[in-house]
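In: Okay, here's the prediction I keep looking at, along with the sequence it came from:
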Amino acid sequence: MEEARFLLGGPQGAGLETAAQVLTTAYAVRGYRVYSMREYFSNIKGRHSYILVRVNARRLPRAPREGPDIIAGLDAESVFTHFTEAREGTILVYDSGQAGVSPERIPSMERELRKRVRETLSRGGYPPTVEGAVTYARDVLGARPLPLDFRGILGELSKRLGIPAFKAKRFANTIIIAAVAGLTGLEVGDLREGFERRFPGRRDVVEGNTALVEVVYDALGDLRGSLALDEPLEPPGEYFVVSGNDVVAMGKVVGGLRIQTYYPITPAADESFMLEAHENLDADGSSLGGVVVFQTEDEIAAISAAIGAALTGARAATATSGPGFDLMVEALGWAGMNEAPVVVTYYQRGGPSTGLPTRGGQQDLYSALFSGHGEYPRIVVASGDHEEAFYDAVKALNWAERYQLPVIHLLDKFLANSIVTLEPPSLEGVRIDRGLLAGSAGPEYRRFDKSGGPISPRALLGQEGVVMWYTGDEHDEYGHISEDPVNRREMHRARMRKLEVAASEIPEEGERAVLYEGGSDFLLVGWGSVKGAALEAIELLRGEGLRGSYLHLRVFEPFPSRYVLEVLRSFEEDRVIAVEANYLAQAARLVAMNTGYRVARRILKWTGRPIYVGELSRAIVRIVEGGSVEEVLDYGA
Amino acid sequence: MEEARFLLGGPQGAGLETAAQVLTTAYAVRGYRVYSMREYFSNIKGRHSYILVRVNARRLPRAPREGPDIIAGLDAESVFTHFTEAREGTILVYDSGQAGVSPERIPSMERELRKRVRETLSRGGYPPTVEGAVTYARDVLGARPLPLDFRGILGELSKRLGIPAFKAKRFANTIIIAAVAGLTGLEVGDLREGFERRFPGRRDVVEGNTALVEVVYDALGDLRGSLALDEPLEPPGEYFVVSGNDVVAMGKVVGGLRIQTYYPITPAADESFMLEAHENLDADGSSLGGVVVFQTEDEIAAISAAIGAALTGARAATATSGPGFDLMVEALGWAGMNEAPVVVTYYQRGGPSTGLPTRGGQQDLYSALFSGHGEYPRIVVASGDHEEAFYDAVKALNWAERYQLPVIHLLDKFLANSIVTLEPPSLEGVRIDRGLLAGSAGPEYRRFDKSGGPISPRALLGQEGVVMWYTGDEHDEYGHISEDPVNRREMHRARMRKLEVAASEIPEEGERAVLYEGGSDFLLVGWGSVKGAALEAIELLRGEGLRGSYLHLRVFEPFPSRYVLEVLRSFEEDRVIAVEANYLAQAARLVAMNTGYRVARRILKWTGRPIYVGELSRAIVRIVEGGSVEEVLDYGA
Amino acid sequence: MGLRLDYKTDLWVDWCPGCGNFGILTAMQKALAELGLKPWEVVIVSGIGCSGKTPHFIYANGVHTLHGRAIPFATGVKLARPDLTVIVDGGDGDLLGIGAGHFVALGRRNLDITVIIHDNQVYGLTKGQASPTLPAGVKTKALPKPNLQDAVNPLALALSSGYTFVARAFAMDVEHLKEIIKAAVKHRGSALIDVLQPCVTYNDLYTTPWYRKRVYKLEDEGWDPVVRDPSERPVKLARAIEKAQEWGDRIPVGIFYQDPTRDTLEDRIASRIPSYRSLPPALQRIDSNGTPIVGERELKAIFRDRLIRVKKHH
Amino acid sequence: MGLRLDYKTDLWVDWCPGCGNFGILTAMQKALAELGLKPWEVVIVSGIGCSGKTPHFIYANGVHTLHGRAIPFATGVKLARPDLTVIVDGGDGDLLGIGAGHFVALGRRNLDITVIIHDNQVYGLTKGQASPTLPAGVKTKALPKPNLQDAVNPLALALSSGYTFVARAFAMDVEHLKEIIKAAVKHRGSALIDVLQPCVTYNDLYTTPWYRKRVYKLEDEGWDPVVRDPSERPVKLARAIEKAQEWGDRIPVGIFYQDPTRDTLEDRIASRIPSYRSLPPALQRIDSNGTPIVGERELKAIFRDRLIRVKKHH
Ligand SMILES: Cc1ncc(C[n+]2csc(CCOP(=O)(O)OP(=O)(O)O)c2C)c(N)n1
Ligand SMILES: Cc1ncc(C[n+]2csc(CCOP(=O)(O)OP(=O)(O)O)c2C)c(N)n1
Ligand code: SF4
Ligand code: SF4
Ligand SMILES: [Mg+2]
Ligand SMILES: [Mg+2]
């Protein structure tokens, strides 16, 4: 088969994150393309967590998709949470020792789910136990149960390694990793490489895990390799195995970032962690400098310190998510007023308020565009996948300095926490653009000199022989406070006009919006990580004779109004569909604001879970063929 | 004459604010309607400040208007700042002792203005002195100079009162108050009442001022009463003499506010000051309770404490302006998520950032509507004048409780700091609406019970026999954290649907938008304190044969889309003009977002000064008759 | 779920097994029960973090607010209903990092609120970063490199800010902690309890055994924390701050300082608004059957200083 | 306007005549000149308030930031260019009210920044409301009623937060203040100077004559603020805090505490990033002629732990 999909579940803290990394690495070693995403609670230990992995022999999968080939549960809760996701042929791996457990005996399970499970099973006449759920999956959905004796397997491990049982238990999560790997035909050595990557220098852990893989492989018997994948097609020599957080960090390093400030918050903190782990830029023994990663006392301090650093000429950024961004809003306005180049990497999660802090969504577009009192220019760019995220991170740093303004780089949890095999990005054509610098400025220097146009030559704090002033008050060319109405009229206009300059320089077509043409039966309009699901759904529907296109919005400020309107008008109005992971269809409403064009059909999702390819394509069909105008999606546990 | 207009200038700290209050009171005592506004720097002492007063015998003036009948300057800077505003017949009162002063000798003057004054005078061949400016005003503009010997007048005062000269000097600002009053025919007793109001219990101050009025009246000689006003038409028995800040405080008291939290900021703080000064609600000896006015350590604490108080059932609000609002954004989202009824009174000033902290603008509409991550319902209402502000303050408190959400009440500095004679507002039809309360809730209570619709019965923290939970996380009906996708889908939807309920209950026509019909030659579309200038400009143009209408946008969320679109479509597209005190035409762009209708013509101003009636009407003519599509206004010093 | 007086909810407590928060939770539940308070007379206000979940596990009113903002939310509740018992639970990051400004402000006010710091030296819920109570140079489990920033001393900070009750306790000594919570709640004024709370998942330095070896009780050494006369304040305060520095082989727990001689913010408000105690903001009537209590006549009376009577026929 | 070394700008200083800020301004200008620093090597960072305008009146780099945020902005400047001299000017509201959290955080870090509080007990620029250093019960000019909230002691707060140089001075004694500023700038680590600054317009209680009668110099009494060995810290700190409580008939000014034995944040960063001092963030090259220094090869080298080599032909 070309692709295999599997879902691995277990309690938070039991190693699901490790599983994602180990499996992704192991498949990558073999040259497969892997996409893996993770769902978890805002909890450190005990609540249910799972990963969804797609391994493909030809190309990188782009989004979660229903219908796993394998569902593997570490515990009873995993079975109860996911058994309804099985389809014809799905192999359901579970611990035979848990067969009799009922939802009532699982305190970590949420009330609502417990109730639904009971209802589903009792409606079908099945007992409310793991056994019952597995049988339901088999009888009703066509799944193939694969009970494994976890206790026996771990007993075997403790025997082989000569370690006590409680120590063997620590390797439990490897049972399901190994089951998946074994079923799909991975070799022991591939997995071993995954463990070596994950636990560098910890031989005992690697050995233990490898031993357990062997035990499980034995236990699989005939089934081993039964879901074997096709040989991968011409893989390149190397892959980065990276999350969305990771690629942004890598992009920032290429883009010359030298100070990253942050206050811990999900799902942004891992980016700073990645940077800190690589703070010394050592390449083959020679040092290219260092990135100062600075944990502040709050997000107000994070953005303020980033701005302070930016004024000295250091490329500076901060990364956060909604609650933190809210606190940055005031200082963002200061940066706008003072033409300070600063980048805020903004990871969307489920809002409002603390919301669903470890889940995803696309609810923060308004926040990125409009938060903050007063009017000032900012650039807002949203990334749709790992590759875009990498290049956008570089661009954001360039634009910030070229136009001397804050740039907000929008991502979301779906992207941040999904791990892929990424071809090492080409840096051909990637440039560092520091904008207009006043390298030879002297005592007559005026920081906000507008005589040459809205963009003033920029000197840096600490630059020899130059002195300058900054203030959040309206100011004159020197940066001193001025309340004069004529100065105000011109200064405010000059600041705002920088956006016009940016608009004239950054192409609408291809850079600010991208049309993926596939036919005129329908047009999806989306942004951010809708991209993956949209493109795959379009492909899926092509198989069913529906030919659609996707308009991917990339830069929201300056908005690509002309091009977007042109594209929209080239489709039948009732075939244009907004797709967004929010309630309000924010991007669609922004299209109306900027072009007057109202997208009247929409597919929305706000459960905190990503949009799946299947549910999206079914919704498209209901709109295009069924006349529906709004579809609300809710797939995923 | 029916109306007199005057401009009084002097250094900050020299009593211009007092002048506005005293004069307004004095005219009110005589039954006139007065509108007075004030411009001042972000400075405590020394920089130039002025008031613009319109006194009318028939009706309340609504906006600043060019062409003062009197310009009275306390100092040379006032003359230099305002002499170009004189027109045919303007009486220019100044200190003859300052005649020789040049701009270079006035350190408080801003560079830009100094340069313009020099240029204006030298172009006309006048010397760069007060004398020169006065002569310019006379020769070029037709003004009538009225030099007064300030030193002599104060000398006379010190003689009459038997006080030393330096003490007499403290009364200096009364010279221009008296000059204006004398020219327009006010009696000494009227002014005296003004002083008594302003300085309650301070007899010596009242006496000194009154004596000085007499001295000045003597000095005016023949000119006394030369600008006498018509007798006022049927004045009511009483007026409130109040600023925009004051009326909001009064509205809040009527609306049942019991806790106001605040952190000092211009131009919001005066509202809290007004409340604090009236914290004991004493009416005719009997106490109706008390309002706790609480100064917090910052705006984050202000909103947080207000929300905390609101949960107990106390009506709670906070007041701030842009920088403070930015800091409130995160907690506002918490209120949205937790369906907490809280009111934020949001006074717009000149942004972005610290901007023009004592000047005005309408740049914060986006901020009020969209600030904050995630999606949650809020109501945003904007007041156009003092009367609206009063009733909106009551409404905001009602809506907050009825729909259980944050309500943002938008005002601006122009309104906040202008003082008018207000007819005591009728409270007929004003109700207190506490929404759905769970008065008899018991142990089974669920705070977020949605079984009866999106609005849940509300119990109060501390209510006997009831216990409840709140959290900013997504939650179940009890208020406990829930990450279940189905619960999430429904809870988020229910919260957002409250806005639909509000939309169905608050009429679009008349309450969310008001059409002032005057003809179809043009339609102005505006909001907030554009109202006054728009209505007067329309009236002015009617005299010139142009008949226009005004669409006043009042509630921006829920937006009156249907009605607004209907009104807009009933006008020729090229006769529809947005009028706003900002750069982006924010309200017009919101119209497009909500209706798809793009208002293509606009009149904008962002100098921090209010829109004047004259400049607005001229800009309308240029658009309607001259084919212009955008006009940028900049009148006012 | 009927009304319960043991202060327990039937939710699953989702902290890591062995977490010090269990000790704090139990101590709070016992203290509230022993104080004989009704669940609806108590409001537990928390920030965000592992600690922030506490109110959900207590059967009393619970307000789980924002990261760092528990104190201002609690302040609003208390100002509107000074008769309620208001307790704040927060993490060290929550109260001493992002919320340090509010922490200081509460001390200045001496509002009658009890603040409990769940002091685990890490940011638990965001996976183990250094918190403001972790010393420089040490490296707990989840840090990629040793900590760059130094620790603040919660007791010294509270004492300098004006808290009138300042104590430290150990989460694993539930009985002792419970007694300190009771004393703090009974104290009139702002009270701070810094609770040493082992985080089994991320803090591998300050563990339960580590503390057990070092902790000793102030009262066992005859420490007298009480200010009996305002003149004693400077000296007792300085001594308490000095004592608060003690850390290492011996770590004192107990009440470091208690000053019942200061008036509370509520006292000061009541001196300005006489009806404040009997009819606090939340309990006042504002309407009668929908008609505002402040009608046209009352409005004119309250704001009479802004009302002008027009002189007729002059 | 040519480059000037007397640190004066030609702007009109728009404070009220007689304002204590003039003393602070003059002392700063003199101190900088006497320290022999070049104007471009100095960055003055301020918050919002009357005090916030200070940088505009000094001929050196000036960053007039947001209310309460001068410290974090300054932190960013200093981290990126540790070789620059960074001074923060803020009001008491600015640094101890809205900015108190950052104030505490700076102490924890011991970053080499000097913080000057313009302590006038009021919010000057917003027209005289009570600031966090105004005691409860007093009523300055612009308050409608006596102050409800109590004062925080800036010195005690700084000492508890970890500042390694803590001093108080009187704005009207320019010479003495100047010397203290010089000492603070020379000190390696976070330094705090609380300057008693009369506000002639809104503070009619703590006036210049009031202070003149009370202020005395610590050094005249032989006060020894210096920590010579880390073991002295707890005692010297406690003594300094006790001394800081003295207020009333006698008010001490001078250096209360100075601890040169602690490492600074910069030291700690340099121990992790060896090139930090020689090539701090702002001075590193990031491109050569527009081409990123980190190219494809370097990217793979730096992130080699994330790079997987595909096994061919297995
Ligand atoms: C404004 C904001 N910033 C960041 C976060 C992310 N966050 C959640 S919990 C937490 C820290 C928790 O540490 P602590 O306060 O010590 O509590 P603990 O989990 O250790 O009990 C942070 C930073 C947030 N929720 N809100
Ligand atoms: C976020 C924010 N809130 C409020 C203000 C309004 N504001 C301007 S200056 C000031 C206080 C000034 O007091 P202080 O810090 O003591 O400085 P001073 O004027 O006394 O020097 C305030 C609250 C602001 N600019 N920003
Ligand atoms: S992470 Fe630490 S503080 Fe949080 S629940 Fe686990 S042990 Fe407790
Ligand atoms: S208000 Fe006070 S602090 Fe501000 S300038 Fe005037 S005297 Fe100085
Ligand atoms: Mg913690
Ligand atoms: Mg101050």
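Out: Ah, there it is. Numbers count the residues shown, from 1 in each chain, chains lettered A, B, ... in the order given. Ligands and ions are numbered 1, 2, ... in the order given.
In: Apart from its chain neighbours, what residue comes closest to the residue sitting nearest the centre point of chain A?
Out: Nearest to the mean C-alpha position of chain A, counting by Cα atoms, centre = their mean, stands A:Leu415 at 1.2 Å. Nearest non-adjacent residue to A:Leu415, counting by Cβ to Cβ, 6 or more residues apart in numbering or on different chains: A:Gly244, 3.8 Å away. Just so you know, the C-beta spots here come from the backbone N, C-alpha and C atoms, and that holds for glycine as well.
In: Report the contact partners of that neighbour.
Out: Taking Cβ atoms under 8 Å, 6 or more residues apart in numbering or on different chains, we find A:Gly244 in contact with A:386, A:389, A:411, A:415-418.
In: Likewise for A:Val291?
Out: Taking Cβ under 8 Å, 6+ apart, one finds A:253, A:257-260, A:275, A:278-279, A:281, D:281 in contact with A:Val291.
In: ok, 6 Å please
Out: A:258, A:275, A:279 (Cβ atoms under 6 Å, 6 or more residues apart in numbering or on different chains).
In: what do you get for A:Phe6?
Out: Applying Cβ under 6 Å, 6+ apart, the residues contacting A:Phe6 are A:53, A:68-70, A:180.
In: Without its sequence neighbours, what residue ends up closest to residue 74?
Out: Going with chain A. A:Gly10 (3.0 Å).
In: nope, chain C please
Out: The nearest residue in space to C:Ala74 (Cβ to Cβ, 6+ apart) is C:Val45, at 4.0 Å.
In: Output whatever helix or strand that neighbour lives in as PDB - backbone C-alpha positions only.
Out: Assigned by DSSP states H and E, C:Val45 falls within strand C:42-46. In PDB, the C-alpha atoms belonging to strand C:42-46 read as follows (Å, rounded to 0.1, in the frame of the first residue of the first chain):
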ATOM      1  CA  VAL C  42     -16.300  30.900  50.700                       C
ATOM      2  CA  VAL C  43     -14.800  31.900  47.400                       C
ATOM      3  CA  ILE C  44     -11.600  30.200  46.200                       C
ATOM      4  CA  VAL C  45      -9.900  32.300  43.500                       C
ATOM      5  CA  SER C  46      -7.000  30.800  41.500                       C
END
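In: what does that strand contact?
Out: If you take Cβ under 6 Å, 6+ apart as the criterion, strand C:42-46 is touched by B:461, C:52, C:54-55, C:58, C:60-64, C:70, C:73-74, C:77, C:84-89.
In: what do you get if the cut-off is 8 Å, keeping everything else the same?
Out: Defining contact as Cβ under 8 Å, 6+ apart, one finds that strand C:42-46 is touched by B:308, B:461-462, C:28, C:32, C:52-55, C:58, C:60-65, C:70, C:73-74, C:77, C:84-90.
In: Can you read off the pLDDT for the residue in the stretch 1-150 of chain A that ligand 5 sits nearest to?
Out: Relative to ligand 5, the nearest point of the stretch 1-150 of chain A is A:Ile44 (11.6 Å; Cβ to the ion). Note on A:Ile44: pLDDT of 97.
In: separation between it and chain C?
Out: Remark: distance between A:Ile44 and chain C (Cβ to the nearest Cβ, to the nearest Å) = 6 Å.
In: Is that residue in contact with A:Gly13, as I believe?
Out: Yes. The pair A:Ile44 and A:Gly13 qualifies as a contact (Cβ atoms under 8 Å) at a distance of 6.3 Å.
In: list the residues that contact both of those two?
Out: C:16, C:201.
In: More neighbours: the two, which one.
Out: The neighbour count for A:Ile44 versus A:Gly13, taken as other Cβ atoms under 10 Å in any protein chain shown, is higher for A:Ile44 (23 against 18).
In: OK, contacts around the more buried one?
Out: Counting by Cβ under 8 Å, 6+ apart, the residues that A:Ile44 touches are A:12-13, C:15-16, C:50, C:124-125, C:127, C:201.
In: pLDDT and secondary structure added to those, as CSV?
Out: Below are the contacts of A:Ile44 laid out as CSV (pLDDT from 0 to 100; DSSP: H, G, I helix; E, B strand; the rest coil):
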residue, pLDDT, secondary structure
A:Gln12, 96, coil
A:Gly13, 93, coil
C:Trp15, 98, coil
C:Cys16, 98, coil
C:Cys50, 98, coil
C:Gly124, 97, coil
C:Leu125, 96, coil
C:Lys127, 95, coil
C:Thr201, 97, coil
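In: Leaving out the residues flanking it, which one is nearest to the residue nearest the centre of chain C?
Out: When Cα atoms, centre = their mean is applied to chain C, the residue found nearest the centroid is C:Val115 (1.2 Å). Distances taken as Cβ to Cβ, 6+ apart put C:Val88 closest to C:Val115, at 4.5 Å, once the chain neighbours are dropped.
In: which residues in the stretch 1-150 of chain C form helices?
Out: Per DSSP state H, counting those that start in this stretch, the stretch 1-150 of chain C carries helices over the ranges C:21-35, C:70-80, C:92-93, C:100-109.
In: per-domain residue ranges of the chain.
Out: Since no chain was named, I'll use chain A. A:3-223, A:241-422, A:436-506, A:513-632 (automatic domain parsing).
In: not quite, I wanted chain C
Out: If you go by automatic domain parsing, chain C breaks into C:4-268, C:284-314.
In: so how far is chain D from whichever residue of chain C sits closest to ligand 6?
Out: Here chain C gets closest to ligand 6 at one residue, C:Arg108, 15.1 Å apart by Cβ to the ion. Noted for C:Arg108: a distance of 5 Å to chain D, by Cβ to the nearest Cβ.
In: Isn't that residue up against C:Ser160?
Out: No. Counting by Cβ under 8 Å, C:Arg108 stays clear of C:Ser160, with 10.4 Å between them.
In: Give the residues shared as contacts by the two.
Out: D:Val152.
In: Could you count how many residues lie near A:Pro147?
Out: By other Cβ under 10 Å, the residues close to A:Pro147 number 16.
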